[in-house]
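Asks: Generate a structure from the sequence data that follows.
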Amino acid sequence: MKWSRKSYTVVLIPDANRAVRRFNVSAAILFSLSLLFVLAVAVAALSSYLFLKNARQVDDLKQSLSAASQQYEAIISNKDNSIESLQTQVAGLSEQADSIRKGLNEVKQLESQVKQMVGISSGDNAVEAIDGMPADGGVGGEEIELTDQNMNELVSDTWADYGMIGKQIEELKTELQSTKQAVLKEQEALRAVPTLWPTDSRRLTSLFGVRTDPFSKKARFHAGIDIGGQVGDPIYAAADGAVTLSEESSAEGLNIAIDHTNGIQTRYMHLSE
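Replies: From the prediction side, this is the model:
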């Protein structure tokens, strides 16, 4: 190219006491220097742009990391709270299991007392008593944080306690059914034992045993008791039973006999009807 063959003279004029300097610079070199300068400016501008862009991205990443960190801390905090809440619930279930076992023991003791009251012998498959149960409301002592091993042992023991409680409940249900049947049988037997007073009147006119006969005035054995009352007053059976005799005689008047089984019989004499 023709323009590249041209040259330019650069004159440097220093102070008046120094010589003038001249430099010949070709157009190609001058163009190259100008191009390098433009490239340097462009590279500097691009670098600045990229630096600012990267700086903004770094700031955005920092903000994202900060938000994520806060979110993870909240999740971890909630997880810790959930774990602590679950641990507290497991501890509560363990205490509740002990309380239920204690209640079962009290029910079993009550069942034994009922059996004793009605004269039923207790079996050997009784629910074991719970000894050493702490009273409610205990405070004080050193509080030590639970370890994973402590928690696993507590969960295992609680599961075992509830399994045993379920078994004891089933055994107790069977025993209570048996006790119920035995009590009903005892009640049926007791109803056949004369325990009821046969009249509304409580006035006795003659006792059981030796007495002076009101008619012959001689000593005689009186095989009953006389109760004073009004004609037509109701007479009650002293216990459950079956009427085995209903007759009239000169000694007993209108009378009935009731058999209460087990060799027990009652007689009701001198009735108005």
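
Asks: can we go C-alpha only for contacts and neighbour counts from here?
Replies: OK.

Asks: just the strands in the stretch 1-150 of the chain please.
Replies: 7-12, 21-26 (DSSP state E, counting those that start in this stretch).

Asks: Dump those into CSV; add distance to V58 as well.
Replies: Formatted as CSV, those follow (distance: least, Cα to Cα, whole Å):
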stretch, distance to V58
strand 7-12, 48
strand 21-26, 47
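
Asks: Skipping adjacent residues, who's closest to T9 in space?
Replies: Distance criterion Cα to Cα, 6 or more residues apart in numbering; nearest residue to T9, sequence neighbours excluded, is N24 at 4.4 Å.

Asks: Next up, the contacts around the one you found.
Replies: Residues near N24 by Cα atoms under 8 Å, 6 or more residues apart in numbering: S7, Y8, T9, V10.

Asks: ok, back up a step: just put the strands of the stretch 1-150 of the chain in a markdown table and tack on mean pLDDT.
Replies: As requested, these are exported to a markdown table (pLDDT from 0 to 100):
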| stretch | mean pLDDT |
| --- | --- |
| strand 7-12 | 75 |
| strand 21-26 | 74 |
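
Asks: quick revisit: could you identify which of the contacts of N24 has the most neighbours?
Replies: S7 (15 neighbours; other Cα atoms under 10 Å).

Asks: Helices along the stretch 51-200 of the chain, start to end?
Replies: Per DSSP state H, counting those that start in this stretch, the stretch 51-200 of the chain carries helices over the ranges 148-191.

Asks: residue ranges with poor pLDDT in this structure?
Replies: Counting by pLDDT under 70, the chain has low-confidence residues at 1-5, 16, 118, 122-148.

Asks: Which strand or helix spans F215?
Replies: Secondary structure assigned from DSSP states H and E places F215 in neither a helix nor a strand.

Asks: Ok, which of the strands of the stretch 1-150 of the chain comes nearest A91?
Replies: Closest to A91 of those is strand 21-26 (Cα to Cα; 94.5 Å).

Asks: How about the secondary structure of E247?
Replies: strand (DSSP: H, G, I helix; E, B strand; the rest coil).

Asks: what's the neighbour count on the nearest residue to Y162 once chain neighbours are set aside?
Replies: Among residues not flanking Y162 along the chain, A97 sits closest, at 6.4 Å (Cα to Cα, 6+ apart). A97 has 20 neighbouring residues, counting by other Cα under 10 Å.

Asks: contacting residues around A97?
Replies: Listed by Cα under 8 Å, 6+ apart, the contact set of A97 reads T158, D161, Y162, I165.

Asks: Against L30, how distant is it?
Replies: Using Cα to Cα, to the nearest Å, A97 is found at 98 Å from L30.

Asks: With M117 instead?
Replies: 127 Å.

Asks: Pick out whichever of these two has more residues nearby.
Replies: The neighbour count for M117 versus L30, taken as other Cα under 10 Å, is higher for L30 (14 against 10).
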